[in-house]
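J.: Fold the following.
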Amino acid sequence: MEIEQWVGSANGITQAVRVAGPPDGVPVLLIHGNCSSALFWDPLVRRLPATLRVVAPDLRGYGDTETAPVDATRGLTDFADDVAALLDDRSLFPTDTRPVVAGHSLGGGVAMRLLVDHPHRVVGLLLSAPVSPYGFGGTRDLAGTPTTPDFAGTGAGTANPDFVKRLAAGDRGADGPTSPRAVLRTAYVADPAALGDDEELLLDSVLSTATGDDNYPGTAVPSETWPGTAAGRRGVLNALAPAHFRIADELVAVADKPPVTWIHGDADVIVSDISLFDLAYLGSLGVVPGWPGEAACPPQPMVGQTRAVLDRYAAAGGAYREVLLPGCGHSPHLERPAEFVTELLRLAGQPA
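T.: Alright, predicted model coming up:
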């Protein structure tokens, strides 16, 4: 499908949106993840049938959308409110048909928030390698029990400073493991060959991330507990921290429960029970010194938590389908596009 760029005002900020497909097509809303933009969906959108109306916004502080501040104390609600405002724009969604909402990584958390706050607006939910419903880091079991009272080891203080510096500088080099290109090749996908001819486009997407205290990564606060940092009140990584984003109970309690498809790879190194971005797991490997041990600070069981919450969602009257992709990393729509398209079309009620 041909992709066009739409720019307009919604929820008080200027938002940029990638749009494809006929106005009367079956609506699909695509929400990108952290350190990316709507461009990250382009390789997938090219594979979609022309029966769909695809809307993929740049979240605030990413792509060409306004670099508005992120109030971390609201969790991911700033992002969800921005997206919800787009649903009312008839130039984007000309019909009253509810969209299938697909969210990748952080975007999966935004999609969960959108469903909780606007359940009547969502016909189906596709969670692709989503952040845990208990946030990122700082919890010890399938019930999301806090590891420490202040959720130490979460938020902006966990970001790699060199990666942030190189992101802010627009570094397109490949030297060193913390260059944005190296992170794209090693963390976003299990096999860099999956990036193919789109590597430069996808790197553009990563480098569109606004950096600073109000965006990525945000502000950190000191903690008396290992590793000495906890989530602040501003910026993206703090919005993902369990101190501010804990949506499990609200998700289970949604009265109007659309079907959920959860698609993820078993080689994901970002959202994983052994995540290389979880300081507790890195501590267990000896990468971060001073780890107090398994009993005091176990790695977060991210995948197990999502499964446990979706089991509760189903027991409360909903339904979900888990699709686990062998050998796939953090970006199923890039690495296994055929399977991803099949699942998206299934939710949209379209032939595969």
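
J.: contacting residues around Trp6?
T.: Counting by Cβ atoms under 8 Å, 6 or more residues apart in numbering, Trp6 touches Ala16, Val17, Arg18, Val19, Ser91, Leu92. Where you see a C-beta, it was placed from the backbone N, CA and C, and this is true even at glycine.

J.: List buried residues within the residues you listed.
T.: Among those, those classed as buried by 16 or more other Cβ atoms under 10 Å are Ala16, Val17, Arg18, Val19, Leu92.

J.: Touching, the first one and Gly63? I think so.
T.: Yep, that's Ala16 we're talking about. Yes: look at Ala16 against Gly63 with Cβ atoms under 8 Å: they come within range, at 5.6 Å.

J.: Next, show the common contact partners of the two.
T.: Common contacts of Ala16 and Gly63, defined by Cβ under 8 Å, 6+ apart, comprise Ala38.

J.: returning to what we had before: want to try TSV for the buried ones among the contacts of Trp6, with pLDDT, secondary structure and distance to Pro351 as columns?
T.: Listed next are the buried ones among the contacts of Trp6 as TSV, based on pLDDT from 0 to 100; DSSP: H, G, I helix; E, B strand; the rest coil; distance: Cβ to Cβ, whole Å:
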residue	pLDDT	secondary structure	distance to Pro351
Ala16	98	strand	31
Val17	98	strand	27
Arg18	98	strand	24
Val19	98	strand	23
Leu92	96	coil	25
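
J.: Kindly reformat those as a markdown table and extend each row with distance to Leu325.
T.: Output for the buried ones among the contacts of Trp6, formatted as a markdown table (distance: Cβ to Cβ, whole Å):
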| residue | distance to Leu325 |
| --- | --- |
| Ala16 | 30 |
| Val17 | 28 |
| Arg18 | 24 |
| Val19 | 28 |
| Leu92 | 30 |
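
J.: Name the nearest of those residues relative to Leu276.
T.: Closest approach to Leu276 among the buried ones among the contacts of Trp6 (Cβ to Cβ): Arg18, at 29.7 Å.

J.: what's the longest helix in the chain?
T.: For the chain, the longest helix by residue count, based on DSSP state H, is helix 302-315.

J.: List phi and psi for the closest residue in space to Phe151 that isn't next to it in sequence.
T.: What sits nearest to Phe151 in space, not counting adjacent residues and going by Cβ to Cβ, 6 or more residues apart in numbering, is Gly138, at 3.6 Å. Gly138 adopts backbone torsions of phi 80, psi 10, taken as degrees, to the nearest 10.

J.: Quick one: residues contacting Gly138.
T.: By Cβ under 8 Å, 6+ apart, the residues touching Gly138 are Pro146, Thr147, Thr148, Phe151, Ala152, Gly153, Thr154, Ala241, Pro242, Ala243, Gln300.

J.: could you point out which element follows the helix or strand encompassing Leu125?
T.: For Leu125, the host element (DSSP states H and E) is strand 124-128. Per DSSP H and E, the first helix or strand lying C-terminal to strand 124-128 is helix 161-168.

J.: Would you mind pulling up the elements that whatever helix or strand comes next after that following helix packs against?
T.: Using DSSP H and E, the next helix or strand after helix 161-168 towards the C-terminus is helix 180-183. On a contact count with 3 or more Cβ pairs under 8 Å, 6 or more residues apart in numbering; DSSP states H and E, helix 180-183 meets helix 161-168, helix 199-207.

J.: and of those helices, who's closest to Phe340?
T.: Phe340 lies closest to helix 199-207 among those, at 15.5 Å (Cβ to Cβ).
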